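*Asks:* Here is a sequence with its predicted model. Questions after.
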Amino acid sequence: MADKSWHLDRRTFLMGTGVSLGLPWLECMANASPRPSRTEQSPRRICALYFGFGVALPPANHEHAHWRWFPQGEGSEYQFTETLKPLESQRNKMTILGGLSHPNGRRMGAHDTADTFLTGAYLNNKSLINTISLDQYAATRIGDQTRFSSLVMSTDGGVGEPTRSSTLSYNDKGRPLPALHQPQQIFDRFFGEGDSDTIAQRRRLKSAASMLDRVLEDSHSLRNRLGNQDREKLDEYLTAVRQIEQGVERSQSWLEIPRPELHDEDRKMLQLDSDDQAPLQFIRTMYDLIYLAFRTDSTRVATYQITNMADCSSKAAKFPQLQGFKDSLHTLAHDWDKPGGSERLGQWDRFMAEQFAYFLNRLDSATEQQGTLLDQSLVLYGSSNSVTHDNNNYPLILAGGSQMGFKHGRFLKFSDKIPMSNLFVTMLNQAGIESPNFADSTGELNELLS
């Protein structure tokens, strides 16, 4: 190996370029953008909610068939089972979808698909490179119209591990975006007063902008001295720097715009001290935060991973036990086909449906210029397993969007040859985000439209 004619001190390099990435006040302002003037049309929104391990699906002739997640019948004449009965009040504003899944997901491990629920990508032991998620695809196109481009939440927070992620959201490079999981933190970020000293805040933003300028300027001379592999790493690093630079610019443009004021009744309903020890209160609080973010037009894109695929290590694994069930979520899901298992898991599925109904009712209670908040929002709810260890026939519900061209009140069954990404293309286009394709899509699901 030939001797190098120069040597770069790694510590000096990190001090020169890395410190700007660690500023916490930049991180909490990274998703800001100027608010547009109000138009006659209400804003359109996209929300995705995920739960892991699938649902109870006993055969139609089973003694516990009334705990089967999918309804009886088809089309507009379907009948809810005990599982989804809590959603009866929203029947005409939602569609239950059967048969859809990601073709790539069918080739993956039984519990590896939470990462790809919104991407449709293929992950295996040799390649764990994901692709952009539905929500972030939307955020790149409409995120500049709100203070925050998106709201990313989960029960566990952070990103987790590949194939056992604790986030649904991935950027255009396929990298996971950390999910927020503390209600008080989320509230403070979206609705808190922030720094009352605007002058001091402006100085910090200016200082950050100058620092980032120096980082980018120094990188040009450094890049010419690096080998190909190091250049790739540096380019990846600088991409992150540029993203922060964009965040600083957006923060500056929002600096003089006050944050939205909340109604007293909204403040009273919020349980910001909720945590994973009280599942019902915690899940509803997270739903409340999405509702408020949408109602105040603080963002138009949101995700919430309620439970993930991390087996027993997830904070949500104990949710059933904390709600009075005997077993953990992992055990309930894996024992669904044992004696009494369909009923036990079905009752948990019903609990989850009750919380989802709460969220839909909240959205439907807020009126806008065109219908309700729900009428102008698309809410996808589901899992990437049908029953545990089966990555086909995802249990899915699409709610909302009655003012966006969707026809609801039905249970639609699709061929397994139709990729779930066709649903994503339909959602994006009806939300006003023109998208001829997404991932492995082959077209739109026109059956969903009026």
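*Replies:* Good, I have the coordinates. Numbers count the residues shown, from 1 in each chain.

*Asks:* Can you check what pLDDT the model gives the most centrally placed residue in the chain?
*Replies:* With distances taken as C-alpha atoms, centre = their mean, Thr303 lies nearest the centre of the chain, 2.2 Å away. On the pLDDT scale, Thr303 is placed at 98.

*Asks:* how about the closest residue to Asp172 other than its chain neighbours, what does it touch?
*Replies:* Nearest residue to Asp172 in three dimensions, chain neighbours excluded: Ile132, at 4.9 Å (C-beta to C-beta, 6 or more residues apart in numbering). C-beta coordinates here come from the backbone N, C-alpha and C atoms, glycine included. Contacts for Ile132 (C-beta atoms under 8 Å, 6 or more residues apart in numbering) come out as Thr119, Thr140, Tyr170, Asn171, Asp172, Gly174.

*Asks:* Return the member of these nearest to Ser314.
*Replies:* Among the contacts of Ile132, Tyr170 lies closest to Ser314 (C-beta to C-beta), at 19.1 Å.

*Asks:* hang on, isn't that closest one packed against Ile129?
*Replies:* No: Tyr170 lies out of contact with Ile129 (C-beta atoms under 8 Å); the separation is 10.1 Å.

*Asks:* Show me where the stretch 51-200 of the chain has its strands.
*Replies:* Secondary structure of the stretch 51-200 of the chain (DSSP state E, counting those that start in this stretch): strands located at 94-98, 151-154, 160-161, 164-165.

*Asks:* now swap in the stretch 201-350 of the chain and tell me
*Replies:* Under DSSP E, counting those that start in this stretch, the stretch 201-350 of the chain gives strands at 301-305.

*Asks:* Helices along that one, start to end?
*Replies:* 228-254, 264-269, 279-295, 319-322, 329-334, 341-365 (DSSP state H, counting those that start in this stretch).

*Asks:* So which of those is nearest Ser101?
*Replies:* Taking the helices of the stretch 201-350 of the chain one by one with C-beta to C-beta, helix 329-334 is closest: 17.2 Å.

*Asks:* So which elements touch the closest one?
*Replies:* Here helix 329-334 touches helix 319-322, helix 341-365, going by 3 or more C-beta pairs under 8 Å, 6 or more residues apart in numbering; DSSP states H and E.

*Asks:* Just list what the longest one packs against, helices and strands only.
*Replies:* For helix 341-365, the elements it packs on are helix 279-295, helix 329-334, strand 377-382, strand 396-400, judged by 3+ C-beta pairs under 8 Å, 6+ apart.

*Asks:* let's see 10 Å
*Replies:* strand 45-50, strand 94-98, helix 279-295, helix 319-322, helix 329-334, strand 377-382, strand 396-400 (3 or more C-beta pairs under 10 Å, 6 or more residues apart in numbering; DSSP states H and E).

*Asks:* which parts of it are buried?
*Replies:* For helix 341-365, burial by neighbour count (16 or more other C-beta atoms under 10 Å) applies to 341-360, 362-364.

*Asks:* One more: stretch 385-403?
*Replies:* Quick answer for stretch 385-403 (16+ other C-beta under 10 Å): 385-388, 391, 393-403.

*Asks:* Specify which member of the residues you listed is nearest to Lys326.
*Replies:* For the buried residues of stretch 385-403, the nearest to Lys326 is Thr388 (17.4 Å; C-beta to C-beta).

*Asks:* Spit out the contact partners of the spatially closest residue to that closest one that is not a sequence neighbour.
*Replies:* Distances taken as C-beta to C-beta, 6+ apart put Ala333 closest to Thr388, at 4.2 Å, once the chain neighbours are dropped. Contacts of Ala333 were listed using C-beta atoms under 10 Å, 6 or more residues apart in numbering, and they are 52-56, 111, 307, 311, 320, 327, 341, 345, 348, 383, 385, 387-389.

*Asks:* so where's the stretch 101-250 of the chain uncertain?
*Replies:* 193-224, 226, 232-250 (pLDDT under 70).

*Asks:* run the last query once more with 50
*Replies:* Where the stretch 101-250 of the chain drops to pLDDT under 50, the residues are 195-197.

*Asks:* can you count the residues close to Lys173?
*Replies:* Lys173 is flanked by 12 other residues according to other C-beta atoms under 10 Å.

*Asks:* Give the phi and psi angles for it, as a check.
*Replies:* Note on Lys173: its backbone torsions stand at phi -100, psi 0 [degrees, to the nearest 10].

*Asks:* quick one: it and Phe424, what's the gap?
*Replies:* To Phe424, Lys173 is 19 Å away according to C-beta to C-beta, to the nearest Å.

*Asks:* How is this protein partitioned into domains?
*Replies:* 8-37+197-258, 46-194+265-448 (automatic domain parsing).

*Asks:* Need the winner for burial among these.
*Replies:* domain 46-194+265-448 (a mean of 20; mean count of other C-beta atoms under 10 Å).

*Asks:* and it, how far apart are its ends?
*Replies:* 16 Å (C-alpha to C-alpha, to the nearest Å).

*Asks:* Stretch 68-76 too?
*Replies:* Terminal-residue distance, stretch 68-76 (C-alpha to C-alpha): 18 Å.

*Asks:* before we move on, what about stretch 358-372?
*Replies:* 15 Å.

*Asks:* and that stretch, how far out from the chain's middle?
*Replies:* Distance of stretch 358-372 from its chain centroid, counting by C-alpha atoms, centre = their mean, to the nearest Å, is 20 Å.

*Asks:* Stretch 164-183 too?
*Replies:* Centre-to-centre, stretch 164-183 and its host chain are 8 Å apart (C-alpha atoms, centre = their mean).
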